[in-house]
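> no FASTA, just this:
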């Protein structure tokens, strides 16, 4: 399987501060580098779930070592694998 080169920046929904949904905005973020056993995904669709809403309100921090970017549920195309992985 051939993979394309990866961009350095991506669009992401971000928070100015914890609080109302009006504080969300689409901004630029560095493209994450996948760790061993992970893949970099080119997102085609994403969703916001209860944990994302609670994180926006400052009531649910992301798991230690994980991204603070909202929308952890996603579907897309594998852009870059990091070591062995399986679906």
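Great, that's in hand. These numbers were taken from a predicted model, which means no experiment stands behind them. Numbering: from 1, shown residues only.

> now do the same end-to-end measure for stretch 26-41.
Taking CA to CA, to the nearest Å, the span from the opening residue of stretch 26-41 to its closing residue is 18 Å.

> show me what counts as buried in it.
Buried residues in stretch 26-41, counted by 16 or more other CB atoms under 10 Å: 31, 34, 39, 40, 41. For every residue, glycine as well, the C-beta is placed using N, CA and C.

> just those residues: which are in strands?
Using DSSP state E to define strands, the subset of the buried residues of stretch 26-41 located there is 39, 40, 41.

> adding distance to residue 12, write the residues you listed out as a markdown table.
Compiled in a markdown table, those are given as follows (distance: CB to CB, whole Å):
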| residue | distance to residue 12 |
| --- | --- |
| 39 | 17 |
| 40 | 14 |
| 41 | 13 |
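
> could you dump those into TSV with distance to residue 25 and pLDDT added?
Output for those, formatted as TSV (distance: CB to CB, whole Å; pLDDT from 0 to 100):
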residue	distance to residue 25	pLDDT
39	27	88
40	23	90
41	22	89
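
> just give me the closest of those residues to residue 8.
When these are compared for distance to residue 8 (CB to CB), residue 40 wins out at 12.1 Å.

> look up how far residue 10 lies from that closest one.
Distance, residue 40 to residue 10, by CB to CB, to the nearest Å: 10 Å.

> with residue 18 instead?
Residue 18 sits 22 Å away from residue 10, going by CB to CB.

> okay, these two: which has more neighbours?
residue 10 (16 against 11; other CB atoms under 10 Å).

> look up how far residue 20 lies from residue 75.
28 Å.

> could you pull out the strands for the protein?
Assigned by DSSP E, the chain shows strands spanning 9-15, 24-30, 39-47, 73-81.

> export those strands as CSV, with columns for distance to residue 60.
Output for the strands of the chain, formatted as CSV (distance: least, CB to CB, whole Å):
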stretch, distance to residue 60
strand 9-15, 13
strand 24-30, 15
strand 39-47, 16
strand 73-81, 15
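
> quick one: closest of those strands to residue 54.
Of all these, strand 9-15 comes closest under CB to CB, at 12.4 Å.

> lovely, talk soon.
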